[in-house]
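Q: here is a sequence with its predicted model. Questions after.
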Amino acid sequence: MKSTITKLSTKASINGVQYLEDYSFCCGELAPVFEVSTQHGLNQLLGNAKFVNREYGEVLYRGQCHLYGTVMPSLIRDYKQVCSQMNRLRALIELIKNDTLLRKDLKAQNANICDAIIEGVLQHYGVPTRYIDLVDNHWVALWMGQYEMQKTKRIEEYAHYKKRAILIENIVNGDYLADKKDDLYQYILLLAIPSALGNEGVTEANGFCRVDLRQALPSIFLRPHAQHGIVVRRKGEDKNKAEFYDIASQVVGILKIRIDIVDRWLGNGTLLMMENLFPPAAVDYGYDLLLSRSDIFSKAGNERFAITRYY
């Protein structure tokens, strides 16, 4: 297996694709940014990223509404040290491991990979962990960049994804001010992740742990299967430093796409609506199960460690 990733070439000639600049992450890593305007250009650029990294591993996608300086897990995004947060997360994982009924429903019987599966499912259902959410389906990645999470709090906190929209006449007339230009676009990060043969959906290779939740979880946990959910984290000695978990170094390219163009690409099919990608507890038994076990999450002693509720 090749030990280094290959970034997308800025000199490649693809119709509907224009190289703009190199984006600099906080860690000093650079990634080329391409504006994409056609679906054929999109497919060809994605194919090129996979082709040039085929000896290294798999190229996965992360849809975002905006660009950020890091690709940092939610657990430690606002922290410089990780020890205190990790201790709380480990305590929650142990509670779940020791709960016979919940562990049985998770089908996490293999002791060697049990922690990875539990942490992976927690990440996908809204609990902050060391993992980053990625997908191998670019339609889902486009959706994630097209919809922005909003939260409301009455008695409890609830989340909802609202579709981003712009008026086409504002684009034509140039009405958007310079500091509002970012509102016109979404971004897809292309990340090369080393691959290896896995055990029940969990693989470890070249300092990364990858959990394909479609293989690691039974389909009663419906959301990961609907979203083509994969979670990835860096594995090794973190020395209590948050930057260890930043995986910006794996970004081989960034796609910048105007949201009105993406809206035409995605259309109005029910497979790409929130009701499908975030199925309610009435049809997602695994989601209902996690929500019903508030006793376990309250024992973790941290309000951050709660399953996200959607309305």
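A: Yep, it's here. Numbers count the residues shown, from 1 in each chain.

Q: residue contacts, the residue nearest to S37 when sequence neighbours are not counted?
A: Nearest residue to S37, sequence neighbours excluded (Cβ to Cβ, 6 or more residues apart in numbering): G16, at 5.0 Å. To be clear about C-beta, it is placed using only N, CA and C from the backbone, and glycine gets the same treatment. Taking Cβ atoms under 8 Å, 6 or more residues apart in numbering, we find G16 in contact with V36, S37, T38, Q39, H40, G41, L42.

Q: pull out the buried residues from the host helix or strand of the fifth one.
A: The reference is to H40. According to DSSP states H and E, H40 maps onto helix 39-52. For helix 39-52, the neighbour count (16 or more other Cβ atoms under 10 Å) marks G41, L42, Q44, L45, L46, N48, A49, K50, V52 as buried.

Q: now do stretch 137-148
A: For stretch 137-148, by 16+ other Cβ under 10 Å, it's H138, V140, A141, L142, W143, M144, G145, Q146, Y147.

Q: now stretch 202-222
A: By 16+ other Cβ under 10 Å, the buried positions in stretch 202-222 come out as 202-203, 205, 208-214, 216-217, 221-222.

Q: tell me the two of those residues that are most distant?
A: Greatest spatial distance in the buried residues of stretch 202-222: A205 and L222, 28.3 Å, computed using Cβ to Cβ.

Q: next, the distance between the ends of stretch 217-237.
A: 27 Å (Cα to Cα, to the nearest Å).

Q: and if you look at stretch 57-77?
A: End-to-end distance of stretch 57-77: 26 Å, with Cα to Cα as the criterion.

Q: ok, stretch 213-229 next?
A: Terminal residues of stretch 213-229 lie 6 Å apart, using Cα to Cα.

Q: just how off-centre is that stretch within its chain?
A: Centroid separation for stretch 213-229 versus its chain: 14 Å, with Cα atoms, centre = their mean, to the nearest Å.

Q: same check on stretch 113-124?
A: Taking Cα atoms, centre = their mean, one finds the center of stretch 113-124 at 14 Å from the center of the full chain.

Q: what sits up against it?
A: If you take Cβ under 8 Å, 6+ apart as the criterion, stretch 113-124 is touched by 74, 89, 92-93, 96-97, 103, 106, 108, 129-131, 133, 199-202, 209, 211, 213, 216-217, 221, 223-224, 227, 229, 231, 286, 290, 305.

Q: just the helices in the stretch 51-200 of the chain please.
A: 83-97, 100-106, 114-124, 138-146, 168-172 (DSSP state H, counting those that start in this stretch).

Q: who wins for proximity to K299 among these?
A: helix 83-97 (5.7 Å).

Q: would you list every one of the strands in the stretch 201-311 of the chain?
A: Using DSSP state E, counting those that start in this stretch, the strands of the stretch 201-311 of the chain run over 202-205, 208-212, 229-234, 251-258.

Q: what's the closest of those to C83?
A: For the strands of the stretch 201-311 of the chain, distance to C83 was read as Cβ to Cβ. The smallest value, 16.2 Å, belongs to strand 229-234.

Q: what does that closest one contact?
A: For strand 229-234, the external contacting residues (Cβ under 8 Å, 6+ apart) are 60, 73, 119-120, 123-124, 129-136, 191, 193, 207-214, 223, 244-245, 247.

Q: TSV for the buried residues of stretch 202-222, including distance to Y161 and pLDDT?
A: TSV is the format used below for the buried residues of stretch 202-222 (distance: Cβ to Cβ, whole Å; pLDDT from 0 to 100):
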residue	distance to Y161	pLDDT
V202	28	94
T203	29	94
A205	32	92
F208	28	96
C209	27	95
R210	25	96
V211	23	96
D212	23	96
L213	19	96
R214	21	96
A216	24	94
L217	22	94
F221	19	96
L222	17	97
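
Q: list just the nearest of these to S298.
A: Closest to S298 out of the buried residues of stretch 202-222 is F221 (21.4 Å), distances taken as Cβ to Cβ.

Q: can you pull the contacts of that closest one?
A: V121, L213, D284, Y285, G286, Y287 are the contacts of F221 under Cβ under 8 Å, 6+ apart.

Q: let's see 7 Å
A: Shown in contact with F221 (Cβ atoms under 7 Å, 6 or more residues apart in numbering): V121, G286.

Q: cool, and I307?
A: Residues in contact with I307 (Cβ under 7 Å, 6+ apart) are Y125, G126, V127, L290, L291, F297.

Q: ok, the second one touching T308?
A: Yes: using Cβ atoms under 7 Å, G126 and T308 qualify as a contacting pair, with a distance of 2.7 Å.

Q: OK, contacts around the residue nearest to the spatial centre of the chain?
A: Taking Cα atoms, centre = their mean, the centroid of the chain lies closest to D133, which sits 2.3 Å from it. Going by Cβ under 7 Å, 6+ apart, D133 touches Q123, H124, G229, V231.
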